[in-house]
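1. give me the fold of what follows.
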Amino acid sequence: MIKVNVDGKEVEVPPDYTLLQACEEAGGEIPRFCFHERLSIAGNCRMCLVEVKGIPKPMTSCAMAVRDLRPGPEGEPPEVSTKSPMVKHAREGAMEFLLINHPLDCPICDQGGECDLQDQAMAYGIDGSRYAENKRAVEDKNMGPLVKTVMTRCIHCTRCMRFITEVAGIPEIGMTGRGEDAEITTYLEAALTSELQGNIIDLCPVGALTSKPYAFSARPWELAKTETVDVMDAVGSSIRVDARGREVMRIMPRLNEFVNEEWISDKSRFIWDGLRTQRLDRPYVRIDGKLTAASWPQAFAAVAEKVKAAGGDSVGAIAGDLASVEEMFALKGLVEKLGSASLDCRQDGAKLDPADGRASTIFNPTIAGIEDADAVLLVGANPRLDASVINTRLRKRWRMLDFRLGLVGAPAELTYTHDYLGAGPETLKDIAEGRNAFADVLKKAERPIVMVGQGALCRPDGAAIASLAAKIAVDCGAVADDWNGYAVLHTAASRVGGLDIGFVPSEGGKDAAAMAAGGVDVLILLGADEFDVAAIPASTFVVYVGSHGDRGAHRADVILPGAAYTEKSGLYVNTEGRPQIGLRATFPPGEAREDWAILRALSDALGATLPFDTLGELRRALIDAHPHLGEIDRPAAGNPQDVHRLAQKDGDIDTAPFAAAVEDFYMTNPIARASAIMAECASDAAARSREAAE
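-> Okay, the predicted model is just below:
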């Protein structure tokens, strides 16, 4: 530790701290545009200038390490000033330079009200400029359907190009020209292809890069801000939903060091227009082959009549990817009260069994724990599409060096170098038996991770594949008391929560595939759309509880309109087993209601009344039954012995290669398919794929 005297206050900081960090540790306020804690140091905006005693000119505090400071003549701590007249004059000059060419766009700029340049010009600038020359103009760049550019506003902080290169790992933005001709642009004038490109909107400290779909829609002070959780994948990113009235206007990331840091995927960020379209806003009953609008009592009566005729033991339920734990718990209670054991939250057929123990179904090393790993084996996973934010962690670890990563499965364009080992189970067997060189890499690693994706688990032999992967993890020393490197990478936000509460068939019950094939007479779909719903036999009476008119609603005989994830409070458990609370930002449209309330009312109509009347009572019953779900934001660790037992299982393995779990990143759920923004992104991605194939 090194002592530094900042504005008369002495602090002790690590030697690798920058001077900027040391000043902030002492309570000083340092303005900056180019500096960002998660990006490399550029030192080109010059706003962070400070005075260091003994140095005749102001120093850029972001680019100077504390270890480089010289102590005083008698060994006293180096003195730094952040408020001296020299510093004030230097910052005013830097701000004056930054504003030479900046246009007077504040009244029409989408960044207005949350602009770093506005704020710092007020705090550190002067009331006029000595420059009377004409301002330069820069041509706007087309970066695709998500990022809007007004490049005349750009101050060349280079945050965008550093993020795209260093974090996203797809170097598509750079600077051309020198001096007055310098411009930030995309290479070859091409649109951005990264799944994380929306984050450069947050990073831009001025209005040069803004959200194209959100352009001219609202001002930040008009919006009600709600902190909640993302459900577009199983990462459980912390987000903030900004709404005006009943409409969600935008979605922003929140800081969460343990999960998403401060990044979110483009699907999480730009999904909001899908919350408005193709909504189910009133109940429907199919009469003479046609869905007809009905009242809630009529819809409940139609379901009750069918259940009574078929018998409660012939009722089944499938939970979708976006369902909260509370509504799954309520549906499980309802189906069991009716006398049925046919439940399933694995609509994609993933061979995960909660009876094998929690450690066999979650991402045991945790997302933040990836930074401690020194070798990773991907099995049937493509983190770039399956969990884009987790992919940034893998790239972050890769950039720290001394890291090896191997891939078994469909070839993938990852954002880091990796060893492509093979396409399917045969390669996995070779690794397990030590015939593949990557087996030695895993054994030599101190903290290896075996990451199993849904591409390996959503197969008839998925259980045997999971067992083989667990055997590799155990044999290479990845499963110990202080480190569990067996990691299941989920793609559905509801999956871990469903497995935790046992939303799977018990003895005598049927799984999702059997129910979809006509194994039950009445099938309740809780937002379940990600399987071949159209193939459900006509003899099966389908009740759809969901928010959008997607595949499940098209096949349904009765539609009970539910709430989207931004319109209800719910508990979600992410892939690492971390329970998180999502809060309601807006209200459901029309006659739609929260899903748990629909199930509670339906239970009355079916004569199997559920024992709760409020969400609070339901949540208390849930936590009483599963106490670990009450530990919000604290993942309950799995027992390493679960992985050892899984490794001892056996089964026949097919030789077919692993398929990709996510084929179209932008079209993975009903909200995404209702989004015009996502449709445009999917169309652009398909066009790029065709061009690459040609």
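
2. dead centre of this protein: give me the residue that sits there.
-> In the chain, the centroid-proximal residue (Cα atoms, centre = their mean) is residue 237; its distance is 4.3 Å.

3. tell me the contacts of that one?
-> 229, 230, 253, 256, 259, 260, 263, 264, 265, 268, 389 (Cβ atoms under 8 Å, 6 or more residues apart in numbering). (Glycine included, C-beta is placed from N, CA and C.)

4. and the first one, how many neighbours?
-> The local packing count at residue 229 equals 27, with neighbours defined by other Cβ atoms under 10 Å.

5. returning to that earlier point: where's the residue nearest to the centre of the chain relative to residue 589, distance?
-> Separation of residue 237 from residue 589 (Cβ to Cβ, to the nearest Å): 25 Å.

6. ditto for residue 34
-> Taking Cβ to Cβ, one finds residue 34 at 44 Å from residue 589.

7. more crowded one of these two?
-> residue 34 (23 against 18).

8. looks to me like that one is in a strand.
-> No: read with DSSP: H, G, I helix; E, B strand; the rest coil, residue 34 is coil and lies in no strand.

9. surely it is in contact with residue 163?
-> No: using Cβ atoms under 8 Å as the test, residue 34 is too far from residue 163 to be in contact (12.0 Å).

10. please put the alpha-carbon coordinates of stretch 312-321 into PDB.
-> Extracted C-alpha coordinates of stretch 312-321, given in PDB (Å, rounded to 0.1, in the frame of the first residue of the first chain):
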ATOM      1  CA  GLY A 312     -58.400 -34.300 -12.700                       C
ATOM      2  CA  ASP A 313     -55.800 -37.000 -13.100                       C
ATOM      3  CA  SER A 314     -55.800 -36.400 -16.900                       C
ATOM      4  CA  VAL A 315     -54.700 -32.800 -16.500                       C
ATOM      5  CA  GLY A 316     -51.100 -31.800 -17.300                       C
ATOM      6  CA  ALA A 317     -49.100 -28.500 -17.300                       C
ATOM      7  CA  ILE A 318     -46.100 -27.200 -19.100                       C
ATOM      8  CA  ALA A 319     -44.300 -24.100 -17.900                       C
ATOM      9  CA  GLY A 320     -42.700 -21.700 -20.400                       C
ATOM     10  CA  ASP A 321     -39.300 -20.000 -20.300                       C
END
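
11. mean confidence score for that stretch?
-> Model confidence over stretch 312-321, given as mean pLDDT, is 95.

12. now swap in stretch 236-255 and tell me
-> Taken as a whole, stretch 236-255 carries a mean pLDDT of 96.

13. what subset of the contacts of residue 237 is buried?
-> By neighbour count, with 16 or more other Cβ atoms under 10 Å, the contacts of residue 237 hold 229, 230, 253, 256, 259, 260, 263, 264, 265, 268, 389 as buried.

14. can you show me the helices along the stretch 151-300 of the chain?
-> 159-162, 199-203, 266-270, 296-310 (DSSP state H, counting those that start in this stretch).

15. tell me which of those is the most buried.
-> helix 266-270 (a mean of 26; mean count of other Cβ atoms under 10 Å).

16. which strands and helices sit next to that one?
-> If contacts are counted by 3 or more Cβ pairs under 8 Å, 6 or more residues apart in numbering; DSSP states H and E, helix 266-270 sits against strand 247-253, helix 676-693.

17. just the CA trace of that helix, in CSV.
-> The C-alpha trace of helix 266-270 is given here as CSV (Å, rounded to 0.1, in the frame of the first residue of the first chain):
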residue,chain,number,x,y,z
ASP,A,266,-29.2,-6.2,-27.2
LYS,A,267,-32.2,-8.6,-26.8
SER,A,268,-32.6,-7.5,-23.1
ARG,A,269,-32.2,-3.9,-24.0
PHE,A,270,-34.4,-3.5,-27.1
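
18. can you give me the helices in the stretch 501-650 of the chain?
-> Along the stretch 501-650 of the chain, counting by DSSP H, counting those that start in this stretch, helices occupy 512-514, 551-555, 595-605, 615-625, 640-647.

19. can I get these in JSON lines with mean neighbour count, mean pLDDT and distance to residue 15?
-> Formatted as JSON lines, the helices of the stretch 501-650 of the chain follow (neighbours: other Cβ atoms under 10 Å; pLDDT from 0 to 100; distance: least, Cβ to Cβ, whole Å):
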{"stretch": "helix 512-514", "mean neighbour count": "19", "mean pLDDT": "95", "distance to residue 15": "56"}
{"stretch": "helix 551-555", "mean neighbour count": "21", "mean pLDDT": "95", "distance to residue 15": "58"}
{"stretch": "helix 595-605", "mean neighbour count": "22", "mean pLDDT": "97", "distance to residue 15": "54"}
{"stretch": "helix 615-625", "mean neighbour count": "16", "mean pLDDT": "97", "distance to residue 15": "46"}
{"stretch": "helix 640-647", "mean neighbour count": "20", "mean pLDDT": "95", "distance to residue 15": "37"}
